[in-house]
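**Q** Predicted model and sequence follow; I will ask about them next.
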Amino acid sequence: MEPAPGSAGSAGSGNGRWAATACVVTGASRGFGRSLARLLAPRLGPGSVLVLLARSAEPLMELAAELRGGGGTGLRVLCVAADLGSEEGLRRATAALREVLPAEPFGRLILVNNAGSLGDISKSFLDLTDPDEINTYFAFNVTSALCLTSTALQAFGKRPGCSRTVVNISSLCALKPFKSWALYCSGKASRDMMFQVLALEEPDVRVLNYAPGPLDTDMQLLARTETGDLEMRQYFQSLQEGRKLIDCTVSAQKLVKLLEEDTFQSGAHLDFYDV
């Protein structure tokens with residue numbers, strides 16, 4: 001049975017912060033993941049741990065130092081520098097979760113699957129003939145999200161009175177095809193469906209597919225400069241020129257609000273513009 005709306009947020013510490021929480025954010029070194037980690041950290045109450053995962057060690061450590069020093073909360077912040085697209089990196093990440101998540105009496109688990117890539121958007125569908133390129137893309141964008149999520153849920157386990165929430169950072173591309181974006185669109189669609197299955201199989205896990213909107217990030221810069229299809233490239237350019245790109249912190253604030261209110265239907269796809 002699905003928890004009553006607000007049940008996860010009710011495990012607060014009475015001062016606006018959540019009770020002891022194990023929070024995991026992938027792709028945390030930059031962009032949306034970095035902004036989200038900054039917003040989540042002050043909400044994590046005593047005994048919480050924030051696990052930051054990304055490829056690049058240096059920006060991760062810089063972010064961790066910033067978050068540890070914020071407000072004297074005593075928050076534990078752990079960095080795991082790992083390439084989730086490689087078997088070795090994924091093993092390192094899952095091993096870290098197996099070590100951290102069962103170790104403390106956390107009242108809540110929040111896992112945000114944010115890490116992702118565009119792939120080679122200069123190519124059309126008919127250019128995608130190299131199986132190594134395609135398999136590498138899906139290893140990072142789909143396989144790692146599945147393995148990390150299943151590992152985290154197993155390691156945390158079912159604990160009486162505790163809540164578990166899994167967020168997939170989705171996209172309009174999960175629902176709508178974009179020319180030159182065959183890999184990205186199919187990867188996002190795969191992830192949405194994968195997490196809908198999780199919501200059905202594990203009704204006590206809260207699952208959300210959140211599309212953050214067209215963010216002002218390095219990924220959007222690639223979109224408007226490297227997209228092979230001219231019409232699509234001009235569309236992305238128009239978003240930037242028309243000041244229609246969304247600041248990462250603004251979108252992350254909406255996600256945090258969704259997590260705090262906890263009234264979404266488990267497995268739902270919610271867009272920035274829907275909430």
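**A** On my side now, so go ahead.
**Q** Skip the chain neighbours and tell me the closest residue to residue 270.
**A** Excluding the flanking residues, the one nearest residue 270 by C-beta to C-beta, 6 or more residues apart in numbering is residue 210, at 5.7 Å. C-beta coordinates here come from the backbone N, C-alpha and C atoms, glycine included.
**Q** Check which helices and strands the strand or helix carrying that neighbour sits against.
**A** Assignment of secondary structure by DSSP states H and E places residue 210 within strand 205-211. Applying 3 or more C-beta pairs under 8 Å, 6 or more residues apart in numbering; DSSP states H and E, one finds that strand 205-211 contacts strand 163-169, helix 182-201, helix 248-261, strand 268-271.
**Q** helix or strand right after it?
**A** Counting by DSSP H and E, what follows strand 205-211 is helix 218-226.
**Q** what's the angle from that following helix to helix 182-201?
**A** 150 degrees (axes from the mean of the first three to the mean of the last three C-alpha atoms, to 10 degrees).
**Q** so what's residue 70 scoring on pLDDT?
**A** The model reports residue 70 with a pLDDT of 65.
**Q** how about the helices in this protein?
**A** 31-40, 57-68, 87-100, 131-138, 144-156, 182-201, 218-226, 230-241, 248-261 (DSSP state H).
**Q** Now for residue 112: which residues touch it?
**A** 23-26, 33, 36, 167, 169 (C-beta atoms under 8 Å, 6 or more residues apart in numbering).
**Q** what pairs with the strand holding residue 210, and is each one parallel or antiparallel?
**A** strand 163-169 (parallel), strand 268-271 (parallel) (DSSP bridges).
**Q** who wins for proximity to residue 118 among those strands?
**A** strand 163-169 (13.5 Å; C-beta to C-beta).
**Q** Can you give the contact residues for the closest one?
**A** Strand 163-169 is contacted from outside by 3, 7-8, 11, 27, 32, 107-114, 116, 145, 149, 152-153, 156, 191-192, 194-195, 198, 204-212, 255, 259, 262, using C-beta under 8 Å, 6+ apart.
**Q** Can I get it in PDB, CA atoms only?
**A** Extracted in PDB, the C-alpha atoms of strand 163-169 (Å, rounded to 0.1, in the frame of the first residue of the first chain):
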ATOM      1  CA  SER A 163      10.500   5.800   3.900                       C
ATOM      2  CA  ARG A 164      12.400   5.200   0.700                       C
ATOM      3  CA  THR A 165      12.200   7.600  -2.200                       C
ATOM      4  CA  VAL A 166      13.800   7.200  -5.700                       C
ATOM      5  CA  VAL A 167      14.000  10.100  -8.100                       C
ATOM      6  CA  ASN A 168      14.800   9.700 -11.800                       C
ATOM      7  CA  ILE A 169      15.800  12.900 -13.500                       C
END
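**Q** buried stuff in it?
**A** Neighbour-count burial for strand 163-169 flags 163-169 (criterion: 16 or more other C-beta atoms under 10 Å).
**Q** what does stretch 23-36 give?
**A** Buried residues in stretch 23-36, defined by neighbour count with 16+ other C-beta under 10 Å: 23-36.
**Q** Could you export the residues you listed as CSV, including distance to residue 134 and pLDDT?
**A** CSV is the format used below for the buried residues of stretch 23-36 (distance: C-beta to C-beta, whole Å; pLDDT from 0 to 100):
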residue, distance to residue 134, pLDDT
23, 32, 98
24, 27, 98
25, 27, 98
26, 21, 98
27, 21, 97
28, 26, 98
29, 25, 96
30, 25, 95
31, 24, 96
32, 25, 98
33, 25, 98
34, 29, 98
35, 30, 98
36, 29, 98
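**Q** ok, those residues vs residue 86, which is closest?
**A** If you rank these by distance to residue 86 using C-beta to C-beta, residue 26 comes first, at 14.2 Å.
**Q** who's that closest one bridged to?
**A** As for beta bridges, residue 26 partners with residue 53 under DSSP bridges.
**Q** okay but it is in contact with residue 60, surely?
**A** No: counting by C-beta atoms under 8 Å, residue 26 stays clear of residue 60, with 11.1 Å between them.
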